[in-house]
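J.: Structural data only, the sequence is not supplied:
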């Protein structure tokens, strides 16, 4: 058969050091779904945020991925790395109602969700919605509030409803929670309950900028750029636009072997000896939805194992718990996720 | 002679009454009157008397000989009749080695062996702790990173690609044939050391490696990778015409690769 062109076969040519591959390969195959609109819209958001935020390209890509996948995002980083600013900028690019809640140790659930107020004239109770009733909600320093207040978010983050006095109040679409937190080692912080962490699609670690990026930040501030950065950003995406883009994401193709790949990675977290708590099926769904959104963002109408690998750490790092021994050894959730990804064969 | 000082002392004590008739002290008189007893301290003999050798009592000696504590002979216990095979083998080994180890040379050899094993154990523990692979010092090629993979259904190093591709073509499964052609390319890159095959790596990881080890092959391989991903992960239908075109590109890259000198894969 003509396919027999392995090295050492009859068709092997005289050996020469890395000859140039001159004949280009003709492009073949094209996406079935027209993702031009999605690419253009998301690129516009990127450009708006890019006017203020220097670098952080991966962070921006993951934020957009979460937005398209209809997921909430937890941003973690030390103070001063523009967590809150990034979240505010993303909210500003969306033409939807926005609210911000500063979590403090004395915040009560009713301060977040709203409360029923008695109306003497009518003789009944009226529900006054809390700041959670918005399309994009920025919860700043979410781990400054104790577990009692955190638990108020369970229902609304998962089911998009707030039940008060037996009445369920449905949230508008989109409903996205962008929360920031300092690492738990910081003074005056509480560890978030596992049930709440599981409701975040991604946990993104916001790191320090590179030297070049930091110089660029300084140059911007020195020339007066840093005065009112939010005013430069325009809303470029409406709720209807976002709904249409999300519909496209929902139609992404996922081959059976890639689905199995996702299930195997998440399944491995439940058997890993360094983990006390593995990821739930909600994590599998999050990884699938995230991978579909990321593939669309990258101009493909199908998911590849590359997408799954890229999102494994952001999806799983906050959903798994290390054993005390592993924690004492200085291990991190990211290390374990990396090990797990390396131990599962890529379907090909 | 031993009792001479005592005698002198007694003489001095009696000196004030030397004129009086000599009186023997009461204690000496009692000693002199006591019957002879070999088990007790004898009365002081006269200086000129021959020394008396004391003998232990025969009955006492017999009694002592009968006690176990005074029996210094080593009694070798006979092997119990119901000893197991292992016990008998161990006994035989110890009896065989005993004469060897009981010599000066044997003791030195035994000591050397003991310290040698201790040193080897210590060195092994240190190397294990530092994760040093000393087998490379003997010219052994470096091992692939040992990872606990779940074994897949296929191994590209064992697959008979020409036969598998021919079978897929014969059944009209062009999508599978394209996939096999792409896997064959990966195997060729691996065999020529342009990439380091590992089951957990993605196609993009191989593209990065190829960019470093064989830059001019990267654009062609990038397009073939894209085609493979669209047909395999994207589940796009592959028509016979399209298949022939893509397959021709795969073959051409494979042939050019066969002419290349082995490379050195770079980490992605």
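T.: Nice, I can see it. Model, not experiment: these values are computed from the prediction.

J.: Give me the number of neighbouring residues for residue B:85.
T.: Using other CB atoms under 10 Å in any protein chain shown, residue B:85 is surrounded by 7 other residues. To be clear about C-beta, it is placed using only N, CA and C from the backbone, and glycine gets the same treatment.

J.: looking just at contacts, which helices and strands does the longest helix anywhere in chain B meet?
T.: Looking across chain B with DSSP state H, the single longest helix is helix B:104-130. Applying 3 or more CB pairs under 8 Å, 6 or more residues apart in numbering or on different chains; DSSP states H and E, one finds that helix B:104-130 contacts helix B:85-101.

J.: So which residues of chain B form helices?
T.: Using DSSP H, helices in chain B cover B:4-13, B:26-33, B:58-65, B:85-101, B:104-130, B:161-170, B:174-191, B:203-213, B:218-232, B:240-258.

J.: on that earlier part again, how far off helix B:85-101 does the longest helix of chain B point, in degrees?
T.: Helix B:104-130 runs at 120 degrees relative to helix B:85-101, counting by axes from the mean of the first three to the mean of the last three CA atoms, to 10 degrees.

J.: buried set for helix B:104-130?
T.: By 16 or more other CB atoms under 10 Å in any protein chain shown, helix B:104-130 has no buried positions at all.

J.: Could you tell me which helix of chain A is the longest one?
T.: As assigned by DSSP H, the longest helix anywhere in chain A is helix A:281-297.

J.: pLDDT of that one, averaged?
T.: Average pLDDT, helix A:281-297: 95.

J.: Can you give the distance from it to the centre of its chain?
T.: In terms of CA atoms, centre = their mean, to the nearest Å, the centre of helix A:281-297 is found 10 Å from the chain centre.

J.: Helix, strand or coil: sort out residue A:127 for me.
T.: Three-state call for residue A:127 (DSSP: H, G, I helix; E, B strand; the rest coil): strand.

J.: could you measure the closest residue to it other than its chain neighbours against chain B, distance?
T.: Nearest residue to residue A:127, sequence neighbours excluded (CB to CB, 6 or more residues apart in numbering or on different chains): residue A:116, at 5.2 Å. Residue A:116 sits 52 Å away from chain B, going by CB to the nearest CB, to the nearest Å.

J.: now swap in residue A:136 and tell me
T.: Residue A:136 is 32 Å from chain B, by CB to the nearest CB.

J.: For the nearest residue in space to that residue that is not next to it in sequence, list the residues it contacts.
T.: Computed as CB to CB, 6+ apart, the closest residue to residue A:136 that is not its neighbour in sequence is residue A:91, at 4.2 Å. Residues in contact with residue A:91, defined by CB atoms under 8 Å, 6 or more residues apart in numbering or on different chains, are A:98, A:136, A:138, A:178.

J.: Could you check which helix or strand contains residue A:91?
T.: For residue A:91, the enclosing helix or strand under DSSP states H and E is helix A:83-93.

J.: Count residues in the vicinity of the residue nearest to residue A:127, would you?
T.: 14.

J.: That one contacts residue A:126, doesn't it?
T.: Yes: in this structure residue A:116 lies within contact range of residue A:126 using CB atoms under 8 Å: 6.7 Å.

J.: per-residue pLDDT, the residue nearest to residue A:136?
T.: So residue A:91 comes in at 89 (pLDDT).

J.: which residue ranges form the strands in the stretch 51-200 of chain A?
T.: A:72-76, A:94-95, A:98-102, A:114-119, A:124-129, A:136-140, A:161-164, A:167-170, A:176-181, A:200-205 (DSSP state E, counting those that start in this stretch).
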